[in-house]
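Undergrad: sequence and predicted structure below; questions after.
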Amino acid sequence: MIEPFDIEGKVIAITGASSGFGHHFAGTLAAKGATTILGARRIDKLERRVAEITEQGGKAEALPLDVNDSESINKFLDQAYKKHGRVDVLINNAGVEAGAKTYQTTEEEDWDYVIDTNLKSAWMISKRYTERVLEHKQQSGNIIMVSSITDSRTIKGQFSYAVSKGGMTRMTEVMALEAAKFNIRVNALAPGYFLTDLSRLLLESDIADEFIKGIPMRRTGEFPDLDGPLLLLASDASRYMTGSILVVDGGHICASL
Ligand SMILES: NC(=O)c1ccc[n+]([C@@H]2O[C@H](COP(=O)([O-])OP(=O)(O)OC[C@H]3O[C@@H](n4cnc5c(N)ncnc54)[C@H](OP(=O)(O)O)[C@@H]3O)[C@@H](O)[C@H]2O)c1
């Protein structure tokens with residue numbers, strides 16, 4: 001029998017680990033015995049997180065990463081492979097939004113910023129990761145995308161963000177199909193609404209209470225709500241799962257019309 005959620009000794013790279021989900025994921029994964037590699041642009045925040053994790057007995061390293069910069073992606077992966085010889089799991093978590101904008105108020109620079117950071121970069125880093133899995137003759141690889149329930153339910157005023165997540169879900173499915181022959185699995189977490197710097201604009205606005213009433217469980221998510229689904233996807237417990245989108249949203253996408 002496979003030990004459920006066992007990630008002891010795995011090397012796990014997380015993009016966007018300087019705040020929010022990525023910051024939390026690093027702690028969860030390190031506490032379960034993984035070596036975590038934290039990437040983001042704000043290196044000071046990464047280093048502080050690494051110090052916290054190390055103090056708690058976990059294994060963590062900070063590496064600068066700008067997912068919109070091809071060179072930076074290569075450097076990030078190369079440094080991880082140089083040190084460990086493998087990356088067992090890549091978590092494509094880095095993401096941004098462009099404020100409350102509809103398709104009409106979205107400017108070209110908003111579109112480029114959000115689509116490039118959330119969608120193009122996830123493809124680019126996954127492509128580069130796959131090259132290294134093959135070069136290093138890893139037996140398997142594992143990519144986890146951090147998508148969102150805006151991939152499948154519509155919401156007004158988050159135009160480029162929702163489009164990016166819709167694309168990410170389809171990317172997960174197509175990549176899963178194409179990567180299966182390399183024994184690389186590709187799955188996605190699709191969280192509902194959690195309070196982070198990214199969702200603050202909505203969840204701390206005047207309409208927040210009304211918005212939360214629309215969630216069947218009547219609350220926003222808390223970081224530990226994601227731990228089980230994350231550990232499932234990161235571990236061999238999900239070894240026959242690929243192309244799956246795991247929704248973690250308190251029932252939000254099932255909300256009544
Ligand atoms: N919060 C929610 O309710 C929610 C729901 C569903 C999905 N998500 C998704 O969860 C992911 C994490 O978001 P969050 O809510 O945790 O927000 P957050 O606290 O704002 O974190 C975003 C992370 O992305 C990183 N990032 C942004 N641009 C980057 C770049 N060019 N290169 C490298 N890293 C970059 C940021 O690091 P630096 O600025 O230091 O580079 C930061 O660590 C996103 O993909 C988001 O779409 C969030």
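TA: Yep, that arrived. Everything numeric in this text was worked out from a predicted model, so none of it was measured.

Undergrad: longest helix of the chain?
TA: Among the segments of the chain that qualify as a helix by DSSP state H, the longest is helix 159-179.

Undergrad: how about the contacts made by the residue nearest the centre of the chain?
TA: The chain has Asn93 as the residue nearest its centroid, 2.5 Å off, counting by CA atoms, centre = their mean. By CB atoms under 8 Å, 6 or more residues apart in numbering, the contact list for Asn93 reads Ile14, Thr15, Gly16, Ala17, Phe21, Gly22, Phe25, Val146. C-beta here means a position set from N, CA and C on the backbone, and glycine is covered the same way.

Undergrad: CSV for the residues you listed, including secondary structure and neighbour count?
TA: Shown next, in CSV, are those (DSSP: H, G, I helix; E, B strand; the rest coil; neighbours: other CB atoms under 10 Å):
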residue, secondary structure, neighbour count
Ile14, strand, 30
Thr15, strand, 25
Gly16, coil, 26
Ala17, coil, 31
Phe21, helix, 24
Gly22, helix, 24
Phe25, helix, 27
Val146, strand, 26
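
Undergrad: how about the residues of this protein near the ligand?
TA: Residues of the chain lying close to the ligand by CB under 6 Å from any ligand atom are 15-22, 40-42, 65-68, 93-96, 117, 146, 148, 191, 193-194, 196-199.

Undergrad: out of the residues you listed, which end up buried?
TA: 15-22, 40-41, 65-68, 93-96, 117, 146, 148, 191, 193-194, 196, 198-199 (16 or more other CB atoms under 10 Å).

Undergrad: narrow these to those in helices?
TA: Gly20, Phe21, Gly22.

Undergrad: now find how far off-centre the helix or strand of the chain with the lowest mean pLDDT is within its chain.
TA: The helix or strand of the chain with the lowest confidence, counting by mean pLDDT, DSSP states H and E, is helix 200-203 at a mean of 92. Offset of helix 200-203 from its chain centre (CA atoms, centre = their mean, to the nearest Å): 19 Å.
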